[in-house]
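Structure for this input, please:
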Amino acid sequence: MATRTQSQMITTSLWLLVAAAIGLFVYQDRKAKETAKQQEESSKLLFVLDPKLDPAKEKDRKALISNISELHVLNAKADKTQQQIRLKQTKHGDHSDWDVQAPVQTTADGKEAERLLADILQAKRVEVATTLPKDAKEANQALQKYGLDKPQLSVRFVHPRKNFGIQIGKKDGFTGKYFARVEDSKEIILVESSLFYSADKKLFDLRRKEVFTDRTPDIQQISLTRAQDQLVLKRVDEGNTVISSGPKHDDHGHHHGHSHGPAKKSLAGWQILQPVQAIADKQTINLMLNSLRYLKAEKFVSEDIQKDRKSFGLDKPDVSIELSLKNSKGKDSTFILHIAYPTKAPQKAYVARPDKGAIAEVDRNALKDLTQQVFYFREKRALFATNSRIKQIAFQQSNKTFRLLRIEGKEDEWRVLNPGPQNADKKKATAFLNDILSVKVSRFVAESATPAQLQTYGLDQPQLQIAFYGTSNKELLEQILIGKQENDGYYATNNKKEKIFLIKTGDITKLPTQDWQFIQGGKAPTPPAARPAQTPVPTSRPAPTQTFPKSLPKISIPAPRPVVFPTTTLPAIQPKAPAPALRAAPASKPAQR
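Okay, here's the model as predicted:
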């Protein structure tokens with residue numbers, strides 16, 4: 001029995017070894033075929049700079065390109081003065097920069113240069129068209145035949161002290177491919193048309209076309225000098241004090257020993273320094289900078305600003321931008337750009353650095369923010385309090401006051417205090433807070449309001465005051481005061497009463513401001529019944545009978561005495577009988593004569 005079991009185990013082991021051997025053979029065969037295929041594909045590459053690196057792999061391709069120091073492009077189709085372009089790559093630690101060395105000296109479009117090199121390094125020959133004869137005359141005739149004696153395009157590059165290059169000639173009318181020749185090779189080959197289009201680069205394609213700095217995160221201050229004014233914006237980091245908030249103790253001349261709330265606000269973003277001091281709309285500023293950062297030249301109309309400044313109106317620019325920058329190491333620098341708007345080309349603008357470089361033509365529409373009024377750049381929120389910090393809201397309208405109190409631990413639940421607590425409608429209270437914190441200023445009326453101005457706009461005795469508090473009624477976060485109304489809005493100010501601004505009528509009238517509007521199931525109080533108007537009575541007529549209440553106490557009225565008319569006063573005609581006595585008013589008992 002044991003012998004039989006051992007025999008089965010040996011048989012199983014042998015089969016496993018056979019299976020493993022077959023699997024290993026299949027794996028090695030597949031690997032060998034893949035290697036052979038890779039070698040075959042590699043043999044078709046126009047350039048093999050490093051046998052260990054595969055240009056088809058992005059990581060290897062980047063490593064190859066990083067070691068290329070120069071790139072030369074010859075384009076016979078370009079203007080004669082710009083047919084030969086030379087670029088140089090300079091390394092700076094973990095990154096590198098590309099610069100155009102000829103025909104002008106300027107910053108290169110590094111991405112475009114590296115894209116061209118990536119296409120060149122991955123290019124393969126399709127087939128060999130012919131081999132150049134040994135005879136020089138016959139070789140020259142062959143080159144002429146395929147358009148390679150004076151090639152349309154030529155690309156050369158330097159990889160660690162060794163030159164590589166390819167020339168591209170005529171197009172094969174039958175296959176649609178192009179004849180080409182690798183430098184120092186005797187073969188004339190066919191390459192894909194994609195290589196021709198990749199190499200078809202002119203100076204404009206390989207130079208940097210962005211006219212603004214790409215260091216927008218380093219910008220600390222912006223100065224815009226326009227025809228109407230000078231706008232100065234300063235970046236404010238988180239934690240920097242930019243604006244005061246809360247009433248001043250100087251306003252009432254004494255100190256109570258308690259706090260009016262935070263005396264300062266800290267806002268990250270931008271502040272306007274000129275022509276007014278105000279908070280800037282950081283989204284507007286950042287969008288403007290982003291638009292400028294990616295603003296590209298449509299063409300370069302001059303390579304020399306010093307020579308052609310006046311010709312393009314840049315001796316007296318319409319807008320001048322001056323940036324103050326500070327890099328991560330704390331080094332300061334300045335960037336200046338001048339802009340001119342030509343009258344003959346209303347859709348275009350000319351931009352240039354004032355000291356050196358080219359003059360670029362750009363789309364004027366991309367610069368529209370630069371000529372906007374100061375209001376466009378200002379923060380337009382009427383209130384800056386944070387929703388989550390608000391725990392109490394106090395309303396004062398005429399002589400009526402009430403409060404909304406946020407229930408602790410329940411951010412969306414409120415109570416109405418007037419004076420006793422009542423449950424507030426959660427949706428109405430939440431909607432009110434969201435709406436009032438979203439109210440925007442439609443116009444700024446005064447920057448430093450005087451008492452006379454406050455009185456003019458009804459803000460010395462506002463018709464509505466809404467104050468926002470923190471956890472204590474001594475922690476005043478913010479307050480808004482609503483004054484007179486004009487056609488398009490209400491005048492308003494805050495608790496400092498410095499700036500007067502206008503808020504659209506609809507933004508105010510849609511807000512609930514009465515206590516019953518917040519109470520669950522609250523209804524508007526019924527107004528007292530109006531007393532009926534009395535009709536004026538002419539003096540020549542007796543006064544009308546007074547109207548008495550519906551119910552009167554019962555009273556007894558004594559019967560009047562009978563009245564007898566004397567005969568001497570009667571007319572000549574005698575009555576048939578004496579005049580009867582007047583009937584008395586009803587009484588509890590019959591009247592006695």
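
Show me the strands in the stretch 101-250 of the chain, by range?
106-107, 125-131, 153-159, 162-171, 178-182, 187-191, 219-225, 230-236, 241-244 (DSSP state E, counting those that start in this stretch).

And those strands, which one averages the lowest pLDDT?
For the strands of the stretch 101-250 of the chain, mean pLDDT drops lowest on strand 241-244, to a mean of 45.

Show me the helices in the stretch 351-500 of the chain, by range?
374-377, 426-437, 451-456 (DSSP state H, counting those that start in this stretch).

ok, how many other residues are close to the residue lying closest to Asp218 once chain neighbours are set aside?
Distances taken as C-beta to C-beta, 6 or more residues apart in numbering place Leu325 nearest to Asp218, at 4.3 Å, with adjacent residues excluded. Heads up, the C-betas are built off the backbone N, CA and C, glycines and all. A count of nearby residues for Leu325, using other C-beta atoms under 10 Å, gives 17.

Leu325 in helix, strand or coil?
Secondary structure for Leu325, judged by DSSP: H, G, I helix; E, B strand; the rest coil, is strand.

Tell me which of the strands of the stretch 101-250 of the chain sits most buried.
The highest average neighbour count among these, using mean count of other C-beta atoms under 10 Å, belongs to strand 178-182 at a mean of 24.

what does that strand contact?
46-47, 125, 129, 143, 146-148, 164-172, 187-193, 195-196 (C-beta atoms under 8 Å, 6 or more residues apart in numbering).

change it to 6 Å
With contact meaning C-beta atoms under 6 Å, 6 or more residues apart in numbering, strand 178-182 is reached by 46, 146, 148, 166-171, 188-189, 191, 196.

now swap in stretch 433-443 and tell me
Lys380, Ala382, Leu383, Gly489, Phe501, Leu502, Ile503, Lys504, Asp507.

how far does it sit from the chain's center?
How far stretch 433-443 lies from its chain's middle: 18 Å, per C-alpha atoms, centre = their mean, to the nearest Å.

still on that earlier bit, could you dump the helices of the stretch 351-500 of the chain to TSV with distance to Leu53?
Conversion of the helices of the stretch 351-500 of the chain to TSV gives the following (distance: least, C-beta to C-beta, whole Å):
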stretch	distance to Leu53
helix 374-377	52
helix 426-437	59
helix 451-456	75
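
Make JSON lines from the strands of the stretch 101-250 of the chain and add distance to Thr456 to it.
Below are those laid out as JSON lines (distance: least, C-beta to C-beta, whole Å):
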{"stretch": "strand 106-107", "distance to Thr456": "57"}
{"stretch": "strand 125-131", "distance to Thr456": "84"}
{"stretch": "strand 153-159", "distance to Thr456": "74"}
{"stretch": "strand 162-171", "distance to Thr456": "78"}
{"stretch": "strand 178-182", "distance to Thr456": "80"}
{"stretch": "strand 187-191", "distance to Thr456": "81"}
{"stretch": "strand 219-225", "distance to Thr456": "33"}
{"stretch": "strand 230-236", "distance to Thr456": "29"}
{"stretch": "strand 241-244", "distance to Thr456": "24"}
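
Just grab the bridge partners of Ile482 for me.
Taking DSSP bridges as the rule, Ile482 bridges to Leu464, Ala492.

can you give me the helices in the stretch 51-200 of the chain?
Counting by DSSP H, counting those that start in this stretch, the helices of the stretch 51-200 of the chain are 58-66, 110-122, 136-145, 193-199.

picking up where we left off before, got a markdown table for the helices of the stretch 351-500 of the chain, with mean neighbour count, distance to Lys474 and mean pLDDT too?
A markdown table is the format used below for the helices of the stretch 351-500 of the chain (neighbours: other C-beta atoms under 10 Å; distance: least, C-beta to C-beta, whole Å; pLDDT from 0 to 100):
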| stretch | mean neighbour count | distance to Lys474 | mean pLDDT |
| --- | --- | --- | --- |
| helix 374-377 | 16 | 35 | 96 |
| helix 426-437 | 16 | 21 | 94 |
| helix 451-456 | 14 | 25 | 95 |
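
Of all these, which one is nearest Gln396?
Among these, the nearest to Gln396 by C-beta to C-beta is helix 426-437 (14.8 Å).

That closest one: how far from the chain's middle?
24 Å.

Just give me the neighbour total for the residue nearest to Leu417 when sequence neighbours are not counted.
Nearest residue to Leu417 in three dimensions, chain neighbours excluded: Arg403, at 4.4 Å (C-beta to C-beta, 6+ apart). Look at Arg403: counted by other C-beta under 10 Å, it has 20 neighbours.

Done for today, thanks.
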